[in-house]
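**Q** pasting the sequence and the predicted coordinates here, then a few questions.
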Amino acid sequence: MRALISVSLLLSFVLTTALWSAELKVPPQVTAGNAFSISGAGSGQGTFYLIGPAESIKRQVDLANDIQIQSEEVEHVGRYTAITCGGDQCSSGHFYVHAAAPDRLGLIVHPSRVPVSNPNAISAVVFVFDDFHNLVLVPQSVKLTVTPTAGSSISESRNTQNGVTWVRLNSAPKGGPAKIEAAIGKASEIRVVQQVASDACNLQMKSSWMSGKLVIETNPVRDCTGNFVPDGTIVSFTKTDADGKTTVDVPLKKGIAKVEMPVSGQAHITVASGVVTGNELNVSGGR
Amino acid sequence: MIRPAWYVRKMTNTIHNPIRRFARITATTCLALCLASLPRVSADTSLPTVELNAEKMGPRQIEDLTSKSIPRDYAFAWLSMAQALDTNRKDLLGGYFTGLAKENLVQKIADQQKTGIHLKYEDHGHKLEGLFYSPAGDAMQLRDQAALEIQILDGDKVIQTEQVTLHFIVLMTPGADRWLVRDLETIPEGKP
């Protein structure tokens, strides 16, 4: 009795295994977007299934003939499962689709505005894709070119690793747009980084009297390499006199910050922009 | 904390009366046993385990908070993907997928709705290895080794079940309050 049970169990296991693990002959690797065929897996009518990263295909097929896989059915890289079922029996096989030739680039450049003369301030990351937007994992050589406002372009080739390569760049001493280009074959991508003046340097103000009021204005505000600090940058004037301490924040207009201040008695005035401080003035009220 | 007199009286009675105390302990134990014997929450709704190894990742050093967010958000991504593919609900993908990964899964679900095929994942855990973290912190590439049981069903009929260890290349990018899966590609073992 025990032997009979054992044989039955073994037989059912073998049958189940045969039912599920029958191997369908599929190519081990396929290039994305390439049509191919799977050898016939039996006889009579059956159902063919193809399960991929973005596909769930089902169709009736003649199992005696080769099954044609269309190019658009294997456009996405990844693991595919092909199954044919005829009657109660199914056969299956797996294959991987890998990326086609590089055809597109993804270029991420940060930041879009950067202060001048800043080491490693710009980062560029390049992703290499094929025509079907699949990441190309096989190492590729990407040409990176930086074209500053003034001066000649600088180029360098970088190899991708797992479909990605990156570079860090210093910003130029002169303000203006810098063009960063990544290229592979016929594909290229361009991003522009605006290089703007850095912090103010040698901040100077002067005062004058106009209709009994003290008018204070800065000289044109530039950074240490001579670039004009952008309009809108805040300059703070602080006055200390008999009435106490007063601070006025003024945005730069046409490179200059200007303010009118009432003064009583002796006054001490300072100027600052961000972390940069400028000269100091001592004035007397009414003069 | 001031308690009402009736409550103090009741508790005092319970503590000092051994029969009541025994009855109370027995009732609590029974309740605990009943709760424990309730059917477990389906595996479909439990988060898979995700381990992250970011030791070799660069050029940017991973932040403490990010090293916790990545495995958490990746686990949620897999949970939502498994539920979406099982129930054909594209709306479940929006929370943790974006870009190509989301487009591919939406396409797959649309196909499933047409053909009647659907997939069931039983997720036995993921081992993530950090490959690349961009200098600006806006993209992270990882390799995942996932232990899965995948069932392919045509309607209610199971046409294939397999236990597999799959390898993925994953690209994640930060969203407003979480990391999103932007690309998810299965790769042959040992590659790239």
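**A** Sure thing, it's come through. All of these numbers come straight from a predicted model, not from anything done at the bench. Residues are numbered from 1 along each chain as shown, chains lettered A, B, ... in the order given.
**Q** all helices of chain A, in order?
**A** Listed in chain order, the helices of chain A (DSSP state H) span residues A:2-21.
**Q** flag every residue of it that's near chain B.
**A** By the rule CB under 8 Å from any CB of the partner chain, the part of chain A lying against chain B is A:20, A:29, A:47, A:49, A:51-58, A:76-79, A:81, A:83, A:85, A:90, A:92, A:96, A:108, A:110-111, A:120, A:123, A:125, A:127, A:133-135, A:137-138, A:161-164, A:166, A:168. In short, each C-beta sits where N, CA and C put it, glycine included.
**Q** flag every residue of chain B that's near chain A.
**A** Going by CB under 8 Å from any CB, the residues of chain B near chain A are B:59, B:100, B:103-105, B:107-108, B:111-112, B:114-119, B:131-132, B:134-136, B:138-139, B:141, B:152, B:154, B:159-161, B:166, B:169, B:171, B:183-188, B:191-192.
**Q** quick revisit: list buried residues within the residues of chain A next to chain B.
**A** Buried by 16 or more other CB atoms under 10 Å in any protein chain shown: A:20, A:47, A:49, A:51-58, A:76-79, A:81, A:83, A:85, A:90, A:92, A:96, A:108, A:110, A:123, A:125, A:127, A:133-135, A:137, A:162-164, A:166, out of the residues of chain A next to chain B.
**Q** could the C-alpha coordinates of stretch A:247-263 be exported in PDB?
**A** Presented in PDB, the C-alpha positions along stretch A:247-263 are these (Å, rounded to 0.1, in the frame of the first residue of the first chain):
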ATOM      1  CA  THR A 247      18.600  99.600   9.100                       C
ATOM      2  CA  VAL A 248      17.300 100.100   5.600                       C
ATOM      3  CA  ASP A 249      17.500  97.300   3.000                       C
ATOM      4  CA  VAL A 250      17.700  98.600  -0.600                       C
ATOM      5  CA  PRO A 251      17.900  96.500  -3.800                       C
ATOM      6  CA  LEU A 252      20.500  97.300  -6.400                       C
ATOM      7  CA  LYS A 253      19.200  99.300  -9.400                       C
ATOM      8  CA  LYS A 254      21.500  99.700 -12.300                       C
ATOM      9  CA  GLY A 255      24.300  98.400 -10.100                       C
ATOM     10  CA  ILE A 256      23.800 101.100  -7.400                       C
ATOM     11  CA  ALA A 257      22.000 101.200  -4.100                       C
ATOM     12  CA  LYS A 258      20.700 104.600  -3.000                       C
ATOM     13  CA  VAL A 259      18.800 105.800   0.100                       C
ATOM     14  CA  GLU A 260      17.700 109.000   1.800                       C
ATOM     15  CA  MET A 261      18.000 109.100   5.600                       C
ATOM     16  CA  PRO A 262      17.100 111.700   8.200                       C
ATOM     17  CA  VAL A 263      19.900 112.400  10.700                       C
END
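**Q** buried stuff in the lengthiest helix in chain B?
**A** Longest helix in chain B by number of residues, with DSSP H as the criterion: helix B:64-87. Residues B:66, B:69-71, B:73-82, B:84-86 are the ones in helix B:64-87 that count as buried (16+ other CB under 10 Å).
**Q** again with stretch B:163-175
**A** B:166-173.
**Q** wait, what's in contact with B:K56?
**A** Counting by CB atoms under 8 Å, 6 or more residues apart in numbering or on different chains, B:K56 touches B:129-131.
**Q** out of those residues, which is nearest to chain A?
**A** The closest of the contacts of B:K56 to chain A turns out to be B:L131 (CB to the nearest CB; 5.6 Å).
**Q** in terms of helices and strands, where is the closest one?
**A** In this assignment (DSSP states H and E), B:L131 forms part of strand B:117-133.
**Q** for that strand, name the packing helices and strands.
**A** Judged by 3 or more CB pairs under 8 Å, 6 or more residues apart in numbering or on different chains; DSSP states H and E, the packing partners of strand B:117-133 are strand A:45-51, strand A:56-62, strand B:50-53, strand B:58-59, helix B:64-87, helix B:99-115, strand B:140-154.
**Q** let's go with 7 Å and repeat that
**A** Helices and strands touching strand B:117-133, by 3 or more CB pairs under 7 Å, 6 or more residues apart in numbering or on different chains; DSSP states H and E, are strand B:50-53, helix B:64-87, strand B:140-154.
**Q** so for A:E217, which of the ones you listed sits nearest?
**A** Among the helices and strands packed on strand B:117-133, helix B:64-87 comes nearest to A:E217, with 46.2 Å by CB to CB.
**Q** ok, back up a step: buried among the residues of chain B next to chain A? Need that as a selection in ChimeraX.
**A** To isolate the buried ones among the residues of chain B next to chain A in ChimeraX, judged by 16+ other CB under 10 Å, type:
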select /B:100,104,105,107,108,111,112,115,117,118,119,131,132,134,135,136,139,141,152,154,159,160,166,169,171,183,184,185,186,187,192
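**Q** dump the helices and strands packed on strand B:117-133 to CSV, plus mean pLDDT.
**A** Shown next, in CSV, are these (pLDDT from 0 to 100):
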stretch, mean pLDDT
strand B:50-53, 97
helix B:64-87, 96
strand B:140-154, 96
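**Q** which residue ranges make up each domain of the chain?
**A** Let's take chain A. A:2-98, A:104-196, A:205-284 (automatic domain parsing).
**Q** let's do chain B instead
**A** B:1-38, B:50-186.
**Q** least confident of the ones you listed, on average?
**A** Of all the domains of chain B, the minimum mean pLDDT falls on domain B:1-38 (a mean of 58).
**Q** neighbours of residue 99, how many?
**A** No chain was given, so I picked chain A. When neighbours are counted by other CB atoms under 10 Å in any protein chain shown, A:A99 registers 24.
**Q** looking at chain B here, not the other one
**A** 14.
**Q** would you list the domains of chain B in a markdown table and tack on distance to A:L24?
**A** Below are the domains of chain B laid out as a markdown table (distance: least, CB to CB, whole Å):
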| stretch | distance to A:L24 |
| --- | --- |
| domain B:1-38 | 43 |
| domain B:50-186 | 11 |
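**Q** any stretches of the stretch 101-250 of chain A with poor pLDDT?
**A** Counting by pLDDT under 70, not a single residue of the stretch 101-250 of chain A qualifies.
**Q** again, only this time at 80
**A** A:150-151, A:212 (pLDDT under 80).
**Q** give me the spatial nearest neighbour of A:G86, chain neighbours excluded.
**A** Counting by CB to CB, 6 or more residues apart in numbering or on different chains, the nearest residue to A:G86 once its immediate chain neighbours are dropped is A:G46, at 3.5 Å.
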